[in-house]
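*Asks:* This is a predicted model, with the sequence first.
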Amino acid sequence: MTEPAPVPLEPLTEDWERALCVVAHPDDLEFGGAAAVARWTKQGKQVVYCMVTSGEAGIDGMTPDECREVREAEQVESARIVGVDEVDFLGLPDGILEYGVPLRRAIAEEVRLHRPDIVITNNFRDTWGGRNLNQADHVATGKAVLDAVRDAGNRWVFSDQLVGGRDPWGGVREVWCAGSPDATHAVDITDTFDVGVTSLRAHQAYIKGLGWQDFDPAEFLEGMSRATGQRLGVPHAVGFEVFPMGWGE
């Protein structure tokens, strides 16, 4: 019995100027989405990174204080490689993020500060499309991003943030979730695939701390990007689940 052909993916729109990427940890964007960011910054778009935590609980052989410093530095360098020069660290506790008002508040403030057209986060589904369970921090962050984008446009929600001339921001058109098993869209990263690999390699201490001595960033990323690219009709692609923020869309 032959397997059904993979469902084709639609190309993402690129008629926007500013994006805010909000993820739980340093390295989350590099495990798939960074090559897309490199494509967009190459086009002249403005992209800002926001890390909800500093990944301080991510390396067993380092204390959280040591780990925080190392992982923040690795993330700043990784962002620089793909053309992002602004990285915000919100400082929430790694490993024990909870979906709720405090997390929505922190993300809504970032949306109001940077006023993006598009907000990008990572997969927040329960799995990655198989038996591999997603992390609780990823799930909490992705769900909070969707609500925080709406919160940011309502002047009566977290209104204490609207000081010093800051206004609500309801201009986010869509939220894109990289790596979702329910992806409907994708972006061609053929020309920036190698840059994405280099950005993942910048997380040397984290990868070493996981004990992945034989881990090959290029091989890992290629396994995902080629399968997604086949569905878009290109050599390499990154898939995204798209959530329109407007009514009736």
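*Replies:* Yep, it's here. Numbers count the residues shown, from 1 in each chain.
*Asks:* Measure how buried the residue nearest to residue 45 when sequence neighbours are not counted is and give me the count.
*Replies:* Using C-beta to C-beta, 6 or more residues apart in numbering and skipping the chain neighbours, the partner closest in space to residue 45 is residue 17 (6.0 Å). Yep, even glycine has a C-beta here, placed from its N, CA and C like the rest. Using other C-beta atoms under 10 Å, residue 17 is surrounded by 12 other residues.
*Asks:* List the residues that contact residue 17.
*Replies:* Contacts for residue 17 were tallied using C-beta atoms under 8 Å, 6 or more residues apart in numbering; they are 45-46, 117.
*Asks:* Need the pLDDT of it.
*Replies:* Confidence at residue 17, expressed as pLDDT, is 98.
*Asks:* That one and residue 171, how far apart?
*Replies:* 11 Å (C-beta to C-beta, to the nearest Å).
*Asks:* okay, and the common contacts of those two?
*Replies:* residue 117.
*Asks:* Let me know the secondary structure of residue 68.
*Replies:* Using DSSP: H, G, I helix; E, B strand; the rest coil, the structure places residue 68 in helix.
*Asks:* list the contacts for it?
*Replies:* 54-56.
*Asks:* where do the helices sit along the chain?
*Replies:* Applying DSSP state H to the chain gives helices spanning 34-42, 64-81, 101-114, 136-152, 193-201, 204-209, 217-232.
*Asks:* who's in contact with the least confident helix or strand in the chain by mean pLDDT?
*Replies:* Using mean pLDDT, DSSP states H and E, the weakest-scoring helix or strand in the chain turns out to be helix 204-209, at a mean of 91. If you take C-beta under 8 Å, 6+ apart as the criterion, helix 204-209 is touched by 26-27, 55, 58-62, 70-71, 74, 215, 217.
*Asks:* Can you say which of these are buried?
*Replies:* 26-27, 55, 58-59, 62, 70-71, 74, 217 (16 or more other C-beta atoms under 10 Å).
*Asks:* Taking the residues you listed together, which two end up most distant?
*Replies:* Using C-beta to C-beta, the buried ones among the contacts of helix 204-209 reach their maximum pairwise distance at 62 and 217, which is 20.8 Å.
*Asks:* Residue 58: what's it in contact with?
*Replies:* Residue 58 neighbours (C-beta under 8 Å, 6+ apart): 25-27, 67, 71, 94, 206, 209.
*Asks:* Quickly run through the sheet partners of the longest strand seen in the chain, with directions.
*Replies:* Longest strand in the chain, counting residues (DSSP state E): strand 237-244. With DSSP bridges as the test, strand 237-244 is paired with strand 174-178 (antiparallel), strand 185-188 (antiparallel).
*Asks:* any idea how far that strand is from the chain center?
*Replies:* 11 Å (C-alpha atoms, centre = their mean, to the nearest Å).
*Asks:* what's the answer for stretch 170-188, then?
*Replies:* With C-alpha atoms, centre = their mean as the basis, stretch 170-188 stands 10 Å off its chain's centre.
*Asks:* And for stretch 41-49?
*Replies:* With C-alpha atoms, centre = their mean, you get 14 Å for stretch 41-49.
*Asks:* ditto for stretch 206-215
*Replies:* 21 Å.
*Asks:* okay, how far is it across that stretch, tip to tip?
*Replies:* One end of stretch 206-215 sits 12 Å from the other (C-alpha to C-alpha, to the nearest Å).
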